[in-house]
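*Asks:* how would this look folded up:
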Amino acid sequence: MLKDYSLLHLLPYLGKYRWKVGIGFVMVACTVAAGMVSPWILKYVVDDIQAAFAPEKLPRYAALILGISAVEGFFRFWMRRILIGVSRDIEFDLRNDFFSHLQKMSLSFFQAHSTGDIMSRATNDLNAVRSVLGPGIMYSVTTLVTVIAAGLILFRLNWKLTLFACVPLMLASIGVKTVGRQIHDRFEVIQEQFSRISARAQENLAGIRVVKAFAREESETSEFQRLNEEYVRRSASLIRLWGIFYPMMSALIGLSAVALLWYGGRMVVAGQLSLGEFVAFLSYLSILTWPTIAAGWVINIFQRGAASMERILRILRTAPGIRSDTPPGDPWSALGAIEIRNLSYRYPGSVRPVLKEISLHVPAGSTLAIVGQTGSGKSTLANLIPRLFDPPPGTIFVDGRDVHSWPLADLRRLIGYVPQETFLFSDTIRANIAFGMAGEIPDAQLEWAAGVSAIAEDIQTFPEGFKTFVGERGITLSGGQKQRVALSRALAKSPKILILDDAFSSVDTYTEEKILQGFRQAMRDRTTILISHRVSTVKEADHIVVMRDGAIVERGTHESLMATGGAYSDLYHKQLLEEELATA
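*Replies:* Predicted coordinates:
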């Protein structure tokens, strides 16, 4: 039925709940068995009435049939509750595994996959897979058991009539097989288009300020409508397929019923079959009608699930670009000394190196400042130290130990990182500052970090203080406030290494100086990498390097670099002139 074996990857999940699944299958067998009893009773009722009509027997027969129906309903309830419940349990496990796998992926993975596409796989595709595990398996087993049980009884009643009735059903099964592959292919392109819609909606909502600022609402609405129309067009192609398939199935079943009435009626008249047996035969055949129709529905579920599982597996089969096989240890005994040896780096798929033969030594507790023009490689260097991107082995060391030999979690616990692009979660200010910390978090530590970052005074003016919600991506805060909350988040975890990537770009020079005064005390016991465009930010660093086109062109202290009269001195005088012109 399936071209591939993607759904076989669900077997370990089913195995985890094998006892529940087994009990569910027992409930299926009991449900089908109870359903097979009523037509057999009906056979005796018809033959008994035909032989000698006795009105007093009718209530007993009716009560018996109602009792059997109640038993069938009882088993059907537990069948659905157990098997559908298992599908929800597996959905829970699969969603957790999918999310956990995403957490292990490197930044390059998320650069290659849009958020909307990933969200589509985690929701819409996962729901299609759950339908396989719940209704798909339940109705598949029910159909199989029903066909076997009813088929055996039909052969016992009259094998000639059974073979005559099965011809249209065989034609129906051929139609199911033919249509199944097309359902799979068409549903896969539908899901791909749904991913595009999700990605467009996510990007539009995340960038709503830009959309409104450039008055692009109508244009974005038109583009979304175009994507939506394509989604409808692809969905309609699947609907048209079903529009042909279901009438075809109904026609074949109707043809079978007409042929059966003609042929079976002749057998009853000829005395080859009793009227009760013929009525029972028709009842059992009607029981087979739903499985025949359900086979097409189940095929649809399995093909949709297979297409969705393939899309999920493309993510799950993608190995994390950055891995660490070293078990976690005790990172807090580290000192935080950093050494970089002849580091050259290019991004995957790029031929141009971003960094060229970088060599640096940053003693524990000292401050290294990096300045340079946009695109000189400063942020790349900052990202390589915590292995957000993977440096070549033997190029970056922490406490004399190659970062590749560090347990990844331990290495990153050592580091407090403020990236160039500030990101806050849709949560309280307190939760955002405490994000990098585990266990019970003392309020005093959060207040200290907020005070050092000069955000404490602003927080006190908020209605809920530290409990104030900041909205999605911190939309209720200004750029400077978001950046200072991010600074507090990096400090609150008491890191051994502090990396500040242009972390003062959104604050004015007065606020920057105020923050730096607090940071000088906080940085004394920490190794600090300070990246900035402003010379005023870095001039008191222990060591300063100037980068250009991925290489270090100057290095030294502020005084020595000023005395040299090179690129650093030119940058200093240029910024000094800009400040004088701005205040003139």
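
*Asks:* Where in this protein is the helix or strand with the lowest mean pLDDT?
*Replies:* One helix or strand of the chain scores below all others by mean pLDDT, DSSP states H and E: helix 208-213, with a mean of 68.

*Asks:* Please pull up the helix or strand immediately following it.
*Replies:* Going down the chain from helix 208-213, the next helix or strand is helix 217-269, by DSSP states H and E.

*Asks:* Let me know the next secondary structure element after that next one.
*Replies:* Assignment by DSSP H and E places the next element after helix 217-269 at helix 275-316.

*Asks:* for that next one, packing partners?
*Replies:* Counting contacts by 3 or more CB pairs under 8 Å, 6 or more residues apart in numbering; DSSP states H and E, helix 275-316 is packed against helix 18-51, helix 57-104, helix 126-131, helix 137-157, helix 159-206, helix 217-269. C-beta here means a position set from N, CA and C on the backbone, and glycine is covered the same way.

*Asks:* just so I know, which of these lies nearest A567?
*Replies:* A567 sits nearest to helix 159-206 of all those, at 37.1 Å, using CB to CB.

*Asks:* the inter-axis angle of that closest one versus helix 137-157?
*Replies:* Relative orientation of helix 159-206 versus helix 137-157 (axes from the mean of the first three to the mean of the last three CA atoms, to 10 degrees): 170 degrees.

*Asks:* could you give the angle of helix 159-206 to helix 217-269?
*Replies:* 170 degrees.

*Asks:* And helix 159-206, what does it pack against?
*Replies:* Going by 3+ CB pairs under 8 Å, 6+ apart, helix 159-206 lies up against helix 115-120, helix 137-157, helix 217-269, helix 275-316.

*Asks:* Of all these, which one is nearest I183?
*Replies:* helix 275-316 (4.2 Å).

*Asks:* I'd like the distance from the helix or strand that comes right after that closest one to the chain centre, please.
*Replies:* Counting by DSSP H and E, the element after helix 275-316 in chain order, helix or strand, is strand 338-345. Centroid separation between strand 338-345 and its chain, computed with CA atoms, centre = their mean, to the nearest Å, is 35 Å.

*Asks:* Mean confidence (pLDDT) on strand 338-345, please.
*Replies:* What strand 338-345 shows for mean pLDDT is 91.

*Asks:* With stretch 226-243 instead?
*Replies:* On average, stretch 226-243 scores 82.

*Asks:* buried stuff in that stretch?
*Replies:* Going by neighbour count (16 or more other CB atoms under 10 Å), the buried part of stretch 226-243 is L227, N228, Y231, R234, S235, L238.

*Asks:* Which member of those residues is positioned nearest V167?
*Replies:* Nearest to V167, judged by CB to CB, of the buried residues of stretch 226-243 is L238 at 29.1 Å.

*Asks:* contacting residues for the residue lying closest to the closest one once chain neighbours are set aside?
*Replies:* Nearest non-adjacent residue to L238, counting by CB to CB, 6 or more residues apart in numbering: R186, 4.6 Å away. Listed by CB atoms under 8 Å, 6 or more residues apart in numbering, the contact set of R186 reads R234, S237, L238, L241.

*Asks:* Tell me how far the first one lies from V189.
*Replies:* Using CB to CB, to the nearest Å, we find R234 at a distance of 5 Å from V189.
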